[in-house]
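Q: How does the following fold in three dimensions:
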Amino acid sequence: MIMDSKKFFSAAQKHLMTATGYMIPFVVAGGVIFAISVMLNGKAAQPTTGWLGQLNMIGSAGLTLFIPALGGYIAYSMADRPGLAPGFITAYLATEIKAGFIGGIIGGVLAGFVVMQLKKIKFSPSYKTLGSIFLYPLGGTLIAGGVMVYLIGEPIASFMTWLTAMLNGMSGVAKAPLGALLGSMIGFDMGGPINKVAATFAQTQVNTLPYLMGGVGSAICVPPIGLGVATLIFKKKFSPAERDSGKAALLMGFCGITEGAIPFATSDPLHVIPANTIGAAVSCVISFMLGCLNHAPWGGLITLPVVENRLGYILAVVVGSLVTASIVGLTKKAYVDGSKFKTEDDEDLDFDIKQF
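A: Numbering: from 1, shown residues only. Coordinates of the predicted model:
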């Protein structure tokens, strides 16, 4: 029973991670173009006319498609190419019903499962192609889409409405535990499955709960910026290669790419991961407390044009980054260049084999 549950969660993680990897380009392209259109508009509002309105339309297209893409590629991971169209369509139906990202994920899993069962139907070799391009997509879409529209869509939408109202109703100190949880998840594995769960949760609520993305967006950039700052303040704690990586980490942090912290976590996980987790949690809580709103499903300082209370957002990033840098600087041992410690005893061991 334990092995079955392990297999289930392992498979679920694999399918979700595969789908998230395919979904991220939609978020990146759509979010960055959306942010650029608002930045050039000169105010924290979406442009609706002229070439900026058209540019905003391009960005909005990417943001509209990322939940269908998430569902589509979950089904693709489960059932290969025949699951792609049913997954996309079922997840799209979930967004139309207002079932949100949970509906999109469930829709993708449902479509993938249905197509997997349909693929068990045996065809003669001459009709196999017919199954892949006709029966599986058609049957998968009808069954999974029908279940979403007629059975589970409305209950999921009701749950999402309740969840949105509950999270919107949080105020003041009540937001702190949620901010600490989401921030910790962002900082813990730097782009891994735990990070992506928190990020996806906030990204898919950006239209209804922008304060979630305000906190998560600030937390996303804390690990790389904090470690980059640490390489500048505590130079003796890092190797020359790590100090060079720190410069790249700063740039990646500004752009909202948490993975910039991975090289440091790989070389010293015991000191770096706790520092990242605490710093990101502090940043997310501060952003929540100050009421920062981020209207783009992306993080870092690149989203400032679409952030409300920009000073609070910047403060959250700065404080969180300094917390991370301070913890790393105070706990990490000084770097020692091993190549300088070739002792006289070592030199005595050097000998010419020809002497024997």
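
Q: what sits against the spatially most central residue of the chain?
A: The chain has K196 as the residue nearest its centroid, 3.6 Å off, counting by Cα atoms, centre = their mean. Residues in contact with K196 (Cβ atoms under 8 Å, 6 or more residues apart in numbering) are 16-17, 20. Glycine gets a C-beta too; all of them are placed from N, C-alpha and C.

Q: ok, now with 10 Å
A: 16-17, 19-21, 23-24, 185-186, 189, 203, 258 (Cβ atoms under 10 Å, 6 or more residues apart in numbering).

Q: do the same with L293
A: With Cβ under 10 Å, 6+ apart as the criterion, the residues that contact L293 are 44, 206, 209-215, 217, 287, 306-309, 312-313.

Q: That one bridge partners, please.
A: Beta-bridge partners for L293, by DSSP bridges, are E308.

Q: And it, how far from T164?
A: According to Cβ to Cβ, to the nearest Å, L293 stands 15 Å off from T164.

Q: three-state assignment of G72?
A: The three-state assignment at G72 reads helix, by DSSP: H, G, I helix; E, B strand; the rest coil.

Q: my read: it touches I105, true?
A: No. The pair G72 and I105 does not pass the contact test of Cβ atoms under 10 Å, sitting 11.3 Å apart.

Q: Could you pull out the helices in the stretch 201-350 of the chain for me?
A: Using DSSP state H, counting those that start in this stretch, the helices of the stretch 201-350 of the chain run over residues 210-220, 222-233, 240-254, 262-267, 269-289, 310-331, 344-348.

Q: would CSV of those helices with mean pLDDT, mean neighbour count and distance to I302 be doable?
A: Supplementary listing: those in CSV, determined by pLDDT from 0 to 100; neighbours: other Cβ atoms under 10 Å; distance: least, Cβ to Cβ, whole Å:
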stretch, mean pLDDT, mean neighbour count, distance to I302
helix 210-220, 93, 31, 10
helix 222-233, 94, 27, 12
helix 240-254, 88, 18, 6
helix 262-267, 83, 19, 19
helix 269-289, 94, 25, 16
helix 310-331, 95, 21, 12
helix 344-348, 49, 8, 50
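
Q: so which of the ones you listed gets nearest S77?
A: Proximity to S77 (Cβ to Cβ) singles out helix 262-267 among the helices of the stretch 201-350 of the chain, at 23.4 Å.

Q: For the host helix or strand of the residue nearest to the centre of the chain, list the C-alpha coordinates in PDB.
A: In the assignment (DSSP states H and E), K196 maps to helix 193-203. This file holds the C-alpha atoms of helix 193-203, laid out as PDB (Å, rounded to 0.1, in the frame of the first residue of the first chain):
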ATOM      1  CA  PRO A 193       8.400  21.200  -7.500                       C
ATOM      2  CA  ILE A 194       7.700  22.900  -4.100                       C
ATOM      3  CA  ASN A 195       8.600  26.300  -5.500                       C
ATOM      4  CA  LYS A 196       6.400  25.700  -8.600                       C
ATOM      5  CA  VAL A 197       3.400  24.800  -6.500                       C
ATOM      6  CA  ALA A 198       3.500  28.100  -4.600                       C
ATOM      7  CA  ALA A 199       4.300  30.100  -7.800                       C
ATOM      8  CA  THR A 200       1.600  28.500  -9.800                       C
ATOM      9  CA  PHE A 201      -1.000  29.000  -7.100                       C
ATOM     10  CA  ALA A 202      -0.200  32.800  -7.000                       C
ATOM     11  CA  GLN A 203       0.100  33.100 -10.800                       C
END
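
Q: pLDDT weak spots in this structure?
A: In the predicted model of the chain, residues 1-6, 8-9, 42-45, 171-172, 193, 338-356 satisfy pLDDT under 70.

Q: repeat that for 50
A: In the predicted model, the chain carries pLDDT under 50 at residues 1, 3, 344-345, 348-349, 351, 353, 355-356.

Q: Give me the angle between the longest helix belonging to it and helix 210-220.
A: Ranked by residue count, the top helix of the chain under DSSP state H comes out as helix 2-41. Counting by axes from the mean of the first three to the mean of the last three Cα atoms, to 10 degrees, helix 2-41 lies at 100 degrees to helix 210-220.

Q: So which elements touch helix 2-41?
A: helix 50-79, helix 100-118, helix 193-203 (3 or more Cβ pairs under 10 Å, 6 or more residues apart in numbering; DSSP states H and E).

Q: What is the neighbour count of F188?
A: Residues near F188, counting by other Cβ atoms under 10 Å, number 19.

Q: Relative to G140, how far out is it?
A: Distance of F188 to G140, computed by Cβ to Cβ: 36 Å.
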